[in-house]
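Asks: Fold the stuff below for me.
(2 chains)
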Amino acid sequence: MGGVLDFFTNTLGGLWSDSGLHALFADGGWKNLIMILVSFVFMYLAIAKGFEPLLLLPISFGMLLTNLPMAGLYHPDLWVLVDGHVNYGEVLKEGGLLDILYLGVKLQLYPPLIFLGIGCMTDFSPLIANPKSFLLGAAAQGGIFFTFVVAGLLGFTAAEAGSIAIIGGADGPTAIYVSTRLLTGGGAITTGNIALAAYTYMALVPIIQPPIMKALTSKKERSVKMEQLRTVSKTEKIIFPIAVTIIVSLLVPSAAPLVGMLMFGNLLKESGVAARLIDTAQNALMNIITIFLGVSVGATTKADQIINIKFGGVMLLGVIAFSLGTTCGLIFGKIMYKVTGGKVNPLIGSAGVSAVPMAARISQKVGAETDPTNFLLMHAMGPNVAGVIGSAVAAGVLLSVIG
Amino acid sequence: MFSYPVMLADKVLHGTEKLTGTEIVSMTLIGLLVVFFALLILVAFLYCSGGFFKKTAAAPKAAPKKEAPKAAPAKAPVKAAVPKPAAPAAEDDSEVIAVIMAAISAMGAAEGKQYQLRSVRQVSRGGSGRSVWAQAGVLDATRPF
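Replies: Here you go, the predicted model:
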């Protein structure tokens, strides 16, 4: 009888010590509990508030899964570099589901594939009709490089500063692409931190941008009605992606995977002869990659990598990056307003920070608040899509210079 | 074994090292310059190609004008065949107004009300340069934003 009782208590004790509940209340388990609560906040924002739900929901659920102790879905120790390389054989042998999905992030497969889908859905006509928009897209990238200055002065390493700065590009896939390449493991900042900050602020664009836009522009400037854009021919639309791919790839080769896939998707769209491929790229493929990317990036937000002072710094610098990008775009918009004799509404400058199409919508919204008969949406789409190309070029520069 | 293409023979900044003031300033200036330079080339390309396509688009319109004098012997039939555009436009407007008025009258008749058309005036386009219908269309399309 005593033997049975011992076996029973030993088995129960073993089950308890192997359970996630025990780990949750063990040393440091409170951090997991906080991250689980944070994941609930993100789920709330995605479901109830509709903030970037297609990305925040997978990210938040990945966050939940990875912070459930003992679940073993993701193992950060497998991604630590050994002799400068990840042991991929070990990942395939010992890794959990989210480790396998994370391979697509680590090998930089997902961001270019997301760009393929974005290219299929993007209309570059406003940019082709008004090439000056490219300058606004370039100016808004000032947010990236000025944040690099701030991060550098605060003592972050070159790789960390570059990864934080790219948040200012307001482009999730680009931020993940750059940070995965630069943050090769071992540091306090991970790709998960960067992605979390980037997507949080992208979701908060409608809150961050309008006050800056109103503060930096006068009512007269906001009321400017821009001339209707010219009609762009189909041939121009077909030549555009090919030309951009060649020009950008020759100038900044490290931007080629992102820009190349973006333009490939756009060529599929504009060619008008690949309906099936477009359908797959912008629907099924895009959705699959979004799920894989979101869940696996969420998985990298392990409690001990998030709850530290450096992550607080990343979040702070992230909002500075967004604000600086918006400010640079607006200032250049004001310069164009002066140079053109009041023909350009400076509000479209803030759309240069990528975040397609949210930033363009904000330009439209703020412009319509000043004059309800003013329609800036199409004009703002020019800098907006130029910002996507601009941030990819800026990413290429960072990757070329920082080793 | 897969390896990334070599972008620069030696990376200028080492990722694991902290940045000096010179490196920060240099990186910022180089970054901004390269981004502006790359996008300026694209702007130049778009202006050149845009100019070319505008010219080619305008060319077919010019062609019929040149051909018109060649058809000089058939002067009278050509004149008869090409009606003045202004007159039909006015007739079309009246017809459209009559149809709209008929629809309004039919709606009013159901409620026992009678309507009378007193005048038709052009409304202000609010400086947007669009017709009323185009304005309504744009408003409808952009309202969700």
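
Asks: from chain B, which residue is nearest to chain A?
Replies: Nearest residue of chain B to chain A (Cβ to the nearest Cβ) works out as residue B:11 at 2.5 Å. C-beta: built from backbone N, CA, C; applies to glycine.

Asks: Now do the same contact list for that residue.
Replies: Neighbouring residues of residue B:11 by Cβ atoms under 8 Å, 6 or more residues apart in numbering or on different chains: A:400-403.

Asks: what do you get if the cut-off is 7 Å, keeping everything else the same?
Replies: Contacts for residue B:11 were tallied using Cβ atoms under 7 Å, 6 or more residues apart in numbering or on different chains; they are A:401-403.

Asks: got it, and residue A:299?
Replies: So residue A:299 contacts A:62, A:65-66, A:73-74, A:98, A:102 (Cβ under 7 Å, 6+ apart).

Asks: Just flag the most distant two among those.
Replies: A:65 and A:102 (12.0 Å; Cβ to Cβ).

Asks: Which one of these two is surrounded by more residues?
Replies: Neighbours were counted for residue A:65 and for residue A:102 using other Cβ atoms under 10 Å in any protein chain shown; residue A:102 has more, 30 against 19.

Asks: helix or strand for the closest residue in space to that one that isn't next to it in sequence, which one?
Replies: Of all residues not flanking residue A:102 in the chain, residue A:296 sits nearest, at 4.2 Å (Cβ to Cβ, 6 or more residues apart in numbering or on different chains). Secondary structure assigned from DSSP states H and E places residue A:296 in helix A:286-299.

Asks: Around residue B:14, count how many other residues there are.
Replies: By the criterion of other Cβ under 10 Å, residue B:14 has 15 neighbours.

Asks: check contacts around the residue nearest to it when sequence neighbours are not counted.
Replies: Closest residue to residue B:14 apart from its sequence neighbours, by Cβ to Cβ, 6+ apart: residue A:403 at 5.9 Å. Counting by Cβ under 7 Å, 6+ apart, residue A:403 touches B:11, B:13-15.

Asks: can you redo those residues as JSON lines with secondary structure?
Replies: JSON lines is the format used below for these (DSSP: H, G, I helix; E, B strand; the rest coil):
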{"residue": "B:11", "secondary structure": "coil"}
{"residue": "B:13", "secondary structure": "strand"}
{"residue": "B:14", "secondary structure": "coil"}
{"residue": "B:15", "secondary structure": "coil"}
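
Asks: The residue in the stretch 101-250 of chain A that chain B sits nearest to: neighbour count?
Replies: Closest contact between the stretch 101-250 of chain A and chain B, by Cβ to the nearest Cβ, is at residue A:159 (3.1 Å). As a burial measure, residue A:159 scores 24 neighbours (other Cβ under 10 Å).

Asks: Can you tell me how far it is from residue A:279?
Replies: Using Cβ to Cβ, to the nearest Å, residue A:159 is found at 39 Å from residue A:279.

Asks: before we move on, what about residue A:26?
Replies: 50 Å.

Asks: Same question for residue A:329.
Replies: Taking Cβ to Cβ as the measure, residue A:329 falls 34 Å from residue A:279.

Asks: ok, now residue A:80?
Replies: Here residue A:80 is placed at a distance of 41 Å from residue A:279 (Cβ to Cβ).

Asks: cool, and residue A:354?
Replies: Using Cβ to Cβ, residue A:354 is found at 25 Å from residue A:279.

Asks: out of the two, which sits in the busier spot?
Replies: For residue A:354 versus residue A:279, the count of surrounding residues by other Cβ under 10 Å is larger for residue A:354: 31 against 13.

Asks: Check the more buried one and give its pLDDT.
Replies: At residue A:354, the model reports a pLDDT of 85.

Asks: didn't it look like it was pressed against residue A:386?
Replies: No. Residue A:354 lies out of contact with residue A:386 (Cβ atoms under 7 Å); the separation is 9.1 Å.

Asks: for the closest residue to residue A:155 other than its chain neighbours, phi and psi?
Replies: Of all residues not flanking residue A:155 in the chain, residue B:18 sits nearest, at 6.0 Å (Cβ to Cβ, 6+ apart). Phi and psi for residue B:18, reported as degrees, to the nearest 10, are phi -80, psi 160.

Asks: need the contact list for the residue of the stretch 101-250 of chain A closest to chain B.
Replies: A:182-183, A:402, B:15-16.

Asks: Near residue A:13, how many other residues are there?
Replies: Residues near residue A:13, counting by other Cβ under 10 Å, number 11.

Asks: now swap in residue A:383 and tell me
Replies: Counted with other Cβ under 10 Å, the neighbours of residue A:383 add up to 34.

Asks: can you pull the pLDDT of residue A:230?
Replies: 87.

Asks: what does residue B:133 give?
Replies: What the model reports for residue B:133 is a pLDDT of 74.

Asks: for chain B, what are the low-confidence residue spans?
Replies: Along chain B, the parts satisfying pLDDT under 70 run over B:1-10, B:60-92, B:123-131, B:141-145.

Asks: Which parts of it are helices?
Replies: Assigned by DSSP state H, the helices in chain B fall at B:21-70, B:75-81, B:86-110, B:132-142.

Asks: any chance of these in JSON lines, plus mean neighbour count and distance to residue A:46?
Replies: Output for the helices of chain B, formatted as JSON lines (neighbours: other Cβ atoms under 10 Å in any protein chain shown; distance: least, Cβ to Cβ, whole Å):
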{"stretch": "helix B:21-70", "mean neighbour count": "14", "distance to residue A:46": "32"}
{"stretch": "helix B:75-81", "mean neighbour count": "9", "distance to residue A:46": "65"}
{"stretch": "helix B:86-110", "mean neighbour count": "11", "distance to residue A:46": "46"}
{"stretch": "helix B:132-142", "mean neighbour count": "13", "distance to residue A:46": "26"}
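
Asks: Could you dump those helices into CSV and include distance to residue A:45?
Replies: Below are the helices of chain B laid out as CSV (distance: least, Cβ to Cβ, whole Å):
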stretch, distance to residue A:45
helix B:21-70, 32
helix B:75-81, 67
helix B:86-110, 47
helix B:132-142, 26
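
Asks: possible to save these as JSON lines with distance to chain A?
Replies: Listed next are the helices of chain B as JSON lines, based on distance: least, Cβ to the nearest Cβ, whole Å:
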{"stretch": "helix B:21-70", "distance to chain A": "4"}
{"stretch": "helix B:75-81", "distance to chain A": "30"}
{"stretch": "helix B:86-110", "distance to chain A": "22"}
{"stretch": "helix B:132-142", "distance to chain A": "5"}
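
Asks: Next, the buried residues of the helix holding residue A:296.
Replies: By 16 or more other Cβ atoms under 10 Å in any protein chain shown, the buried positions in helix A:286-299 come out as A:286, A:289-299.

Asks: and which of those is nearest to residue A:18?
Replies: Set against residue A:18, the nearest of the buried residues of helix A:286-299 by Cβ to Cβ is residue A:299 (21.3 Å).
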